[in-house]
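take a look and give me a structure for this.
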Amino acid sequence: MQDVKKIFRNFEQALRKSSWFEDDWEIFNRGPYLQLYKEEWYNHKQGGIHFETYIEDREIRNKAFPICMHVEEDYPQQQAFLQEFLRLEAERIRSWKGYSVVGKGYSVCIRTLPLSFKNLEQRLLEEFNRLRLLEPSIEKTLHTLQG
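Predicted coordinates:
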């Protein structure tokens, strides 16, 4: 059995070394759970807008884990954000292999990957590199809703 916390520490380091990673990006990493977000995404308590993945006991048992984007309750216009953001990005998200658009509750989109520890850090990095392409539309949606 691989040490998931170590994998996530290495994954965090790889994110921080990415060419696009700048000072306004934030990472919340509590071992087998990680969120990536920007300062102004209302995620100071991990309940705003963020990209997320986790590999906890249930995922290990099921041999699968999620990669997702959430807009949780700390963002005051959650449902309006979902509508506007998906108007801009639903088509692109659906074009990505394995991704589905949820658009309900706090879930924007999700991809479930089979759990294999082979090249896991690299696979996580690839998925988060893809999700972070949504940043301009997140910013645009935030500005639209804030008037």
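
relative to S95, how far out is Q35?
Here Q35 is placed at a distance of 24 Å from S95 (CB to CB, to the nearest Å). For the C-beta atoms, the positions are set from N, CA and C on the backbone; glycine is no exception.

more crowded one of the two?
For Q35 versus S95, neighbours defined as other CB atoms under 10 Å are more numerous around Q35 (20 against 8).

list the strands paired with the strand or helix carrying the more buried one, with their directions.
Assessed by DSSP states H and E, Q35 sits inside strand 33-38. Paired neighbours of strand 33-38 in the sheet (DSSP bridges): strand 25-29 (antiparallel), strand 49-54 (antiparallel).

okay, now the residue nearest to E40 when sequence neighbours are not counted: neighbour count?
Computed as CB to CB, 6 or more residues apart in numbering, the closest residue to E40 that is not its neighbour in sequence is L142, at 7.0 Å. Look at L142: counted by other CB under 10 Å, it has 19 neighbours.

wait, isn't L142 in contact with K38?
No - using CB atoms under 8 Å, L142 is not in contact with K38, being 9.5 Å away.

tell me where the chain has helices.
For the chain, the helices defined by DSSP state H cover 4-17, 57-62, 78-95, 120-131, 135-146.

possible to save the ones you listed as CSV with distance to E26 and mean pLDDT?
Rendered in CSV, the data for the helices of the chain read as follows (distance: least, CB to CB, whole Å; pLDDT from 0 to 100):
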stretch, distance to E26, mean pLDDT
helix 4-17, 11, 96
helix 57-62, 23, 96
helix 78-95, 18, 97
helix 120-131, 13, 97
helix 135-146, 13, 96
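
redo the ones you listed as a markdown table? Include distance to R111.
What follows is the helices of the chain, written out as a markdown table (distance: least, CB to CB, whole Å):
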| stretch | distance to R111 |
| --- | --- |
| helix 4-17 | 16 |
| helix 57-62 | 13 |
| helix 78-95 | 9 |
| helix 120-131 | 7 |
| helix 135-146 | 18 |
